[in-house]
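Prediction below, plus the sequence it came from.
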Amino acid sequence: MTPAMSNANETVQRAQRFFEFIPHGRQLGLEVISWQPRSLLAKLPYRSEIVGNPYTGYIHSGALTVLVDQTSGTAAILELGAAETVATLDLRIDHLRPAKPGLPLYALAECYRMTRDVAFVRCVCYDEDPADPVATSMSTFMRVRSRQANETEEGKA
Amino acid sequence: MESANRTGLVELIAQARAEKDYDRLAEFVPYAKLLGIRFREDEAGQLLFWLDYKPENIGNALMPALHGGVIAAFMEHAATLQILWQRETVTLPKIIDFSIDYLRPGRPETLYARCSLVRQGQRIANVAVSAWQGDPERMVATARMHFLLSRPS
């Protein structure tokens, strides 16, 4: 295994641990699939309880928003040290077409710019083909030093 | 198939309106039911939406805070219900785009929302939604969105 691969595996594990601490993500069965520098891929399984249109079986666009928000935020966090987390400032989603009923939905989120205070993330959602997206999104996140990290540092002082 | 669907939705809304059976319309969509979205019409005919706290809606377990995606989904679905309640429609409005600004973390307590149909044309509706907890002046989030409406046949 190359160092780059082992680094990717460690980052995937870190993202998975992060996902496990998110109760609503757990309820929907959100799952980390893979990571490559700056980009995180996650999956939302199709389930009857996340349907938004009972006539067509299309999943609720709000459940897609949960997938986008969680994957985008985590992509930003993975660019930061363990002492930092992020808070969503804003998020915009364009819904290009309904997701195909019965298929899982994937979100590929890229933290394409990190500044001293703000992370910028773009995200694409698709069911079968990344080139035929269901939705696209842009979001910004504020960097926040986690409370635990502050407490640890205060303990040291 | 499509005509049967349309009749079903029209009847459901008419019945919910006539019988003031808000929960029936609120629970009609599975994901809205899973989140626990509810609403009522006040004396002035304005709709108030709310989401009672439950642990499954948490996003940050350490703070704890409501999942940002849950807040967004609640606000988007509130707008959908507002359109269904206010407008004679035969199909569910389709979301075109959605934009949310987060102003405060959602605490583990009831989240409220009100919607305003800013502009309603033949095909497109623009809806603004604000959400708060406790003091309506201290907003948790504001959102705006466009919906594609069914064409009157």
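Right, received. Where do you want to start?

Whichever residue of chain A sits closest to chain B in helix, strand or coil?
Proximity of chain A to chain B (Cβ to the nearest Cβ) peaks at A:Gly62, 2.5 Å away. Backbone N, C-alpha and C define where each C-beta goes, glycine included. Under the three-state scheme (DSSP: H, G, I helix; E, B strand; the rest coil), A:Gly62 adopts helix.

isn't it right up against B:His77?
Yes. Assessed by Cβ atoms under 8 Å, A:Gly62 is found in contact with B:His77 at 5.9 Å.

which residues are common contacts for those two?
Here A:Gly62 and B:His77 have B:31, B:35 as joint contacts, going by Cβ atoms under 8 Å, 6 or more residues apart in numbering or on different chains.

Run the chain-centre distance for stretch B:98-117.
Relative to the chain's own centre, stretch B:98-117 is displaced by 11 Å; criterion: Cα atoms, centre = their mean, to the nearest Å.

Would you check how far apart the residue of chain A closest to chain B and A:Thr85 are?
Separation of A:Gly62 from A:Thr85 (Cβ to Cβ, to the nearest Å) stands at 23 Å.

neighbour-wise, which of the two wins?
Shown here are A:Gly62 and A:Thr85; by other Cβ atoms under 10 Å in any protein chain shown, A:Gly62 has more neighbours (26 against 22).

list the contacts for that one?
By Cβ under 8 Å, 6+ apart, the contact set of A:Gly62 is A:52, B:31, B:35, B:69-70, B:72-74, B:76-77.

What of A:Gly73?
Counting by Cβ under 8 Å, 6+ apart, A:Gly73 has contacts A:86, A:88, A:121, A:139, A:141, B:68.

and the third one, what is it in contact with?
If a contact means Cβ under 8 Å, 6+ apart, then A:Val121 has A:72-73, A:75-76, A:109-112, A:138-141 as its contacts.

go on, the fifth one?
A:Phe141 makes contacts with A:72-73, A:76, A:86-89, A:118-119, A:121, as judged by Cβ under 8 Å, 6+ apart.

try the fourth one
With contacts defined as Cβ under 8 Å, 6+ apart, the neighbours of A:Ser139 are A:68-69, A:72-73, A:88-92, A:120-123.

Show the buried residues in the residues you listed.
A:68-69, A:72-73, A:88, A:90-92, A:120-123 (16 or more other Cβ atoms under 10 Å in any protein chain shown).

Look up the closest residue to A:Ser48, ignoring the ones flanking it.
If the residues on either side of it in the chain are set aside, A:Ser48 comes closest to B:Pro30, at 6.2 Å by Cβ to Cβ, 6 or more residues apart in numbering or on different chains.

list the contacts for that neighbour?
Contacts for B:Pro30 (Cβ under 8 Å, 6+ apart) come out as A:48-52, A:54, A:60.

again with A:Arg14
Going by Cβ under 8 Å, 6+ apart, A:Arg14 touches A:Leu78.

can I get the contacts of A:Gly73 in TSV with distance to A:Ala131, secondary structure and pLDDT?
Output for the contacts of A:Gly73, formatted as TSV (distance: Cβ to Cβ, whole Å; DSSP: H, G, I helix; E, B strand; the rest coil; pLDDT from 0 to 100):
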residue	distance to A:Ala131	secondary structure	pLDDT
A:Val86	29	strand	94
A:Thr88	27	strand	96
A:Val121	20	strand	98
A:Ser139	22	strand	98
A:Phe141	27	strand	98
B:Gly68	28	helix	97
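
Now for these: which two are most distant?
Spatial extent of the contacts of A:Gly73 (Cβ to Cβ) is set by the pair A:Val121 and B:Gly68 at 12.6 Å.

Chain A contacts on chain B?
When proximity is defined as Cβ under 8 Å from any Cβ of the partner chain, chain B approaches chain A at B:5, B:8-9, B:28-35, B:55-62, B:67-70, B:72-74, B:76-77, B:92, B:94-102, B:105.
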